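Undergrad: got a predicted structure here, sequence first:
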Amino acid sequence: MSDSADTPTEESFEPTEPNTGEEFEPVQVFPDEETMDLRPGADSCTKCSTCDTNCPVAEVDDEFPGPKFQGPEQWRLKQTDDGDEFAIDDSIMDCSNCMRCDDACPSGVPLSQMHNEARGEYVDEQMSKLSTEYWRNRILANYRTSAWLASKVPRIANVAMNFGPARWVMEKTLGVTSEREFPAFATETFSEWWAAQGGAAGSRERAREARERRGEPLDADKKVAYFHGCYSEYNTPEVARALVRVYEHFGYEIVVPEQGCSGTPMFANGMLDDARRHAEVNVSSMADLVEEGYDAIASCTSCSLALRQEYPELFDIDGIEDVAENTFESIEYLRIHEDVRGALQDAEIGDELAEEFAYHAPCHARNQGLERQAVELFRDLDGVAVEDVGDSCSGISGTYGWKDEKYEKSMAIGEEMFDHMEDAESTTGMTECPTCSMQMEHGTGYDIRHPIELVAAALVE
Amino acid sequence: MAIDSEVLVVGGGLAGVTSAVAAARAGADVRLVSYKQSSLRQASGLIDVLGYVGDEVVVDPYDAIPELHEDHPYRLVGVETVRDAMALFDETVDGYHGDHTETNALLPTHGGTVKPTARYPAGAAEGVASDDRDTLLVGFERLVDFDAPLAASHVEAAGAPFSADGVTITFPGDLQADAKVTRYAKLLDQNSPVAVDGRKVDTRSALAQRVASHLDGHERVGFPAVLGDDHTDAVRATLAEELGVAVFEVPMGPPSLPGLRLEDRLFEALDRSGARYEVGNPVVDYEGEDRIERVVVERNGSRVPYSADQYVLATGGLVSKGVESDREGVREPIFDCHVPHPGDRYDWFEDGVFDDHAFARFGVDVGSDLRPRGASGSVEFENLRAAGATIGGYDFAAEKSGSGVSIATGYAAGRAATEDLT
């Protein structure tokens, strides 16, 4: 070890306390080392293996060594003077980035940060940039680009993307499983709809009307910046539209700033440079708004988790901490600031949404402590019932379940959820996560809705 | 605005869940917030009330409680409350045995010791040590936490009224050396086909076949506690049927499936009681003077206020970080409640591992109302009560009283909080 390895880290990290992220400042202690020093985190690991019991991949895959190995153990193994000798283990690519291990660790070891770092290093240094795997992963991770293209010709794309012979070719040449159906592209993107509604100016007007109706001061400080994410933009704009209606109903002015992908699929594929490019765009637009008093909200729980946790863990971008501290999931934010519970108690649901829902909490919602939110919120709403279908992972984990070699594993993980859904009273599913919703639909044939759609149906329509 | 409830319970272990269930059943609008998954995941899943007083094994915990010192949590809440609390546990948590008698059962553990306990999972029931059926313990080659031959010889040496043998087999399917306990459980739950001599055989049958040749007249077989997670009864039933003898699980060390299953059962009971809960974020701060007005939950960097009329502190002891210590002293980190401890750090512990250490009793000081008290003996906050291992003054590891104290004080705190609602 070099002299700089003696740099004290104790000041920034209290190993006996859970690391809530606030005090933890990564510092460089190894010479010429570009990645972060995760030693304090690795030192906090007591090998209790709680993370391993939470890992959905280790549960079905005998070859996968589990989060304890991927994180603290691997991190230690590769800290040598001659770093090249100890390459990152291939199995890091089998981690699906569900991040359940983070939530599980009683000692605050930053496991998913370690996994993201290791995966990034593996892809940068060990994966051939000429391999099909690399390009397949890159295409999947950059879903926004394909979706943007497809959204220009949504009807053609919907047919072409699920055209049998084309899918066969994609599977054989790229390793994208042909078992799944590509999600449909909306004929009108959320942005197109938003522009037609008059954008921010239109929203301000509608928010003022709502405040007047609610008897609130017209100049109330109620403004949010909406991070809609790729999926509500291109595939399910109905979720984004429901969010707009609900927020304006409560008197909030909405702005929709310039934004890229949250980076979630890129983190999961070790494409940290791609993720950083998008993060820079997102942080820069959100940071300016936060400074002006806006809070950031997201309807996709992986997007809000990326902004809240992965950004500050992985990147050093101006304003990143402010954005992280002021980002919320869309219903969570309303629960903090408005009496949603009271409003829903007085409401009821008619027509097609009056039924029972089989609710699955996405892993990334779980990580924000939001896994019970929907169940709790709709408990007192007349006309609907929400049944939690258990705590297993859905198994798709974004791009993971789209890979030919991971498909079976993804379905094995999801089996528990499918069983619980089949046992439930309902035939409609509910979740906050777009890819969990794909998996739920794929595994059971159920229609899947987002909780914000139900809030909109109860309170606005 | 803040996220609002009548009773807010901080902590999601046995004490926290029991107090939330007790309060909800008494009619309060309850919310429970818990930072991490509870330390139950590291526990055996057995529910002890009182196993030892001094060096003496306790036969009937309720008889022995009056022998405890008068500041012991059991004495503070009273024997009748302990009984009522255990009745609540029996009523709300499925899948446990032992409520047919007030006396302790004796259960073999994975180390081969025999432990006095009050309640045990249904899966362990056929293994009770007071039963005289000859026993075969089965270990798996790569599951190193359970050495079946060694455990069997320990059980015999402990004077069990039956003969015990142990055998180590390879789990069918030839799992990796470091396979997780959840991997065994999942294979058995789903009864997935595994490769045996080039053929695919259902996991449960394959396992039974491997054990059958070692049966040799034994009347019951004990496995390490990895027999499924969601479908444990079915897994055990299939094995018992194929082997033609009774089958039980031996509680294991961490990470522990019986502990994990107990955590699931508790949260199901909580859900049924109508209480709300959320897990994953810490309570980091509070606002208020003599009365707590609200607490602050930190969610991935954002600070979210939670308000309530009454609060229950059930964050656990030193292991669960509900009580913290460093070179300067010992403290309760959320409300900064007073934790009595010797000023000189060398008086916190004794030299021998099993000596009577002061640190084993660290925790907040409460009176019979379970309200934490300051150094002067005055109540710290009028609307805060403590429950479980956060309370000091007793040595649960030596007494084998951890679960019982959590259930009893949790129940008492939850009921009292509800009675005090303004």
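TA: That came through, no problem. Numbers count the residues shown, from 1 in each chain, chains lettered A, B, ... in the order given.

Undergrad: when you work out contacts or count neighbours from here on, use the C-alpha atoms and nothing else.
TA: Will do.

Undergrad: scan chain B for its longest helix.
TA: helix B:402-419 (DSSP state H).

Undergrad: in that helix, what's buried?
TA: By 16 or more other Cα atoms under 10 Å in any protein chain shown, the buried positions in helix B:402-419 come out as B:402-418.

Undergrad: would you list every one of the strands in the stretch 201-350 of chain B?
TA: Using DSSP state E, counting those that start in this stretch, the strands of the stretch 201-350 of chain B run over B:220-224, B:246-250, B:276-279, B:283-288, B:292-299, B:302-307, B:310-313, B:324-325, B:330-331.

Undergrad: so where's the chain uncertain?
TA: In the absence of a named chain, this looks at chain A. Under the criterion pLDDT under 70, the flagged ranges of chain A are A:1-36, A:80-85.

Undergrad: meant chain B actually
TA: Residue ranges of chain B with pLDDT under 70: B:1.

Undergrad: who in it is up against chain A?
TA: Neighbours of chain A within chain B, by Cα under 8 Å from any Cα of the partner chain: B:1-3, B:36-37, B:41-42, B:175-176, B:178-183, B:186-187, B:254-255, B:276-281, B:299-305, B:320-321.

Undergrad: mind listing which of those residues are in helices?
TA: Of the positions in those, B:181-183, B:186-187 sit in helices, assigned by DSSP H.

Undergrad: out of the residues you listed, which end up buried?
TA: For those, a burial check counting by 16+ other Cα under 10 Å picks out B:181-183, B:186-187.

Undergrad: of all the residues you listed, which comes closest to chain A?
TA: Within those, distances to chain A taken as Cα to the nearest Cα reach their minimum at residue B:183, with 4.4 Å.

Undergrad: so who does the closest one touch?
TA: With contact taken as Cα atoms under 8 Å, 6 or more residues apart in numbering or on different chains, residue B:183 is in contact with A:58-62.

Undergrad: before we move on, what about residue A:363?
TA: Residue A:363 makes contacts with A:98-100, A:393, as judged by Cα under 8 Å, 6+ apart.

Undergrad: could you dump those to JSON lines with neighbour count and secondary structure?
TA: Compiled in JSON lines, those are given as follows (neighbours: other Cα atoms under 10 Å in any protein chain shown; DSSP: H, G, I helix; E, B strand; the rest coil):
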{"residue": "A:98", "neighbour count": "24", "secondary structure": "coil"}
{"residue": "A:99", "neighbour count": "22", "secondary structure": "coil"}
{"residue": "A:100", "neighbour count": "22", "secondary structure": "helix"}
{"residue": "A:393", "neighbour count": "25", "secondary structure": "coil"}
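
Undergrad: give me the residue from the stretch 51-200 of chain A nearest chain B.
TA: residue A:59 (4.4 Å).

Undergrad: who are the neighbours in contact with that residue?
TA: Residue A:59 makes contact with A:53, A:413, B:180, B:182-183, B:186 under the criterion Cα under 8 Å, 6+ apart.

Undergrad: can you tell me what sits against stretch A:427-445?
TA: A:180, A:183, A:231, A:299-302, A:356-362, A:365, A:394-398, A:411, A:414-415, A:418, A:421-422, A:446-451.
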